[in-house]
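A.B. asks: predicted model and sequence follow; I will ask about them next.
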Amino acid sequence: PRHILKLALAEAEKLGMGYRVGPELEFFLFKTDAAGRPIADPHDVAGYFDVSTDLASHIRRQMVRALSSFGIEVEAAHHEVAGGQHEIDFKYGPALRTADHAVTFRTTLKAIAQQQGLHATFMPKPIAGINGSGMHVHQSLADLKTGQNLFYDANEPYGLSATARHFIAGLLAHAKGMIAILAPLVNSYKRLVPGYEAPVYLSWGRTNRSALVRVPRISPQRPQATRAELRCPDPACNPSLAFAVMLMAGLDGIKRKLPLAEAAEEDLYHVDPRARNLETLPRSLGDALAELQRDEVIADALGAHVLERFLEAKTQEWESYRTTVSQWEIERYLSLY
């Protein structure tokens, strides 16, 4: 996977561009049983940025200290929306280094949680009916010679340069094709449903958290902070592969000068998507794998070997899930039929 990302970065470097990313990894802290096995019981019942009922503030501080010992600079750590859910964000930076940090991050947090008799899980949707865990990825391109952020242009609408607009258009054009890499589990698609701050529709907006791509507010005083946030990845993905396909999707938009559709600023969960002619992400891992095989840009980004192995492994996973008789089916149908 690191090699795949290096190849993608080399493509950007040919255009004089460096790829910068900042992932936001969400996770749950669950209790464990007497044998140390995780159970789907959140460690606390706190909410977003809650202080009074947040039982894990001291654990997050331990996590931050451990990450710092690995040279990972943490910028924010807080409780998330759901009970037992947390987020720790580390410094925005070059994609290869950040991918390495993301892998170290997950292992470190699991180790610290285990020391506290808890289980840290990056499973996208461990509990039905509450928010799942995402890995929103902020991203931008920098001029390799000057270091200037190539996404900012004060003279353009929204403050977004033509490069940024084409890049975002590329992300939207290839969202279906790369979602199997960004959301790689059967469980991932139980997070990507309306109503839980996870995106479903292929759209973009400035401060719209229901859009697939969100552009945080741009400040002329901080042009270097101009970026696009892709909100569909989840923390179960391979960071190197995820960054590689996102970059190649964006570069395809730049190379082909893909036009960016009008921004969607309303809450898309409360509008009729047919009226706006909005497409949606695949609704299952099976559908996502089919879209991956149809997307030549994403397939080429992965290379024949990784693509073949990924499809083989994930098809087995999907078929195993598809043919399993669940407890839901037993409870719903056994006595009726």
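C.D. replies: Sure, I can see it. Numbering: from 1, shown residues only.
A.B. asks: look at Gly36 and say how many residues are nearby.
C.D. replies: When counting by other Cβ atoms under 10 Å, one arrives at 9 neighbours for Gly36. C-beta: built from backbone N, CA, C; applies to glycine.
A.B. asks: same check on the one 4 residues further on?
C.D. replies: By other Cβ under 10 Å, the residues close to Ala40 number 14.
A.B. asks: in terms of helices and strands, where is it?
C.D. replies: Element membership of Ala40, judged by DSSP states H and E, is strand 38-42.
A.B. asks: can you read off the pLDDT for the residue nearest to the spatial centre of the chain?
C.D. replies: Nearest residue to the geometric centre of the chain (Cα atoms, centre = their mean): Pro233, 2.3 Å. In this model, Pro233 is scored at 96, pLDDT.
A.B. asks: and the strand holding Ala40, how far from the chain's centre?
C.D. replies: 23 Å (Cα atoms, centre = their mean, to the nearest Å).
A.B. asks: what pairs with that strand, parallel or antiparallel?
C.D. replies: strand 17-32 (antiparallel) (DSSP bridges).
A.B. asks: skipping its backbone neighbours, what lies nearest Arg322 in space?
C.D. replies: Nearest non-adjacent residue to Arg322, counting by Cβ to Cβ, 6 or more residues apart in numbering: Gly286, 6.8 Å away.
A.B. asks: count the neighbours of that neighbour for me.
C.D. replies: Counted with other Cβ under 10 Å, the neighbours of Gly286 add up to 18.
A.B. asks: tell me which residues of the helix or strand containing Leu5 come out buried.
C.D. replies: For Leu5, the host element (DSSP H and E) is helix 2-14. Under the neighbour-count criterion of 16 or more other Cβ atoms under 10 Å, helix 2-14 has Ile4, Leu5, Ala8, Leu9, Glu11, Ala12 buried.
A.B. asks: please identify the buried residues of the strand holding Ala40?
C.D. replies: In strand 38-42, counting by 16+ other Cβ under 10 Å, buried: Pro38, Pro42.
A.B. asks: ok, and what's touching that strand?
C.D. replies: Strand 38-42 is contacted from outside by 28-33, 82-85, 119, 121, 126-127, using Cβ atoms under 8 Å, 6 or more residues apart in numbering.
A.B. asks: pull out the buried residues from these.
C.D. replies: For the contacts of strand 38-42, a burial check counting by 16+ other Cβ under 10 Å picks out Phe28, Leu29, Phe30, Thr32, Ala82, Gly83, Gly84, Gln85, His119, Thr121, Pro126, Ile127.
A.B. asks: quick one: the strands in the stretch 51-200 of the chain?
C.D. replies: 74-79, 85-90, 93-94, 118-121, 135-143 (DSSP state E, counting those that start in this stretch).
A.B. asks: now render those strands as JSON lines, adding distance to Leu55 and mean pLDDT.
C.D. replies: Formatted as JSON lines, the strands of the stretch 51-200 of the chain follow (distance: least, Cβ to Cβ, whole Å; pLDDT from 0 to 100):
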{"stretch": "strand 74-79", "distance to Leu55": "9", "mean pLDDT": "89"}
{"stretch": "strand 85-90", "distance to Leu55": "11", "mean pLDDT": "91"}
{"stretch": "strand 93-94", "distance to Leu55": "31", "mean pLDDT": "95"}
{"stretch": "strand 118-121", "distance to Leu55": "10", "mean pLDDT": "95"}
{"stretch": "strand 135-143", "distance to Leu55": "24", "mean pLDDT": "96"}
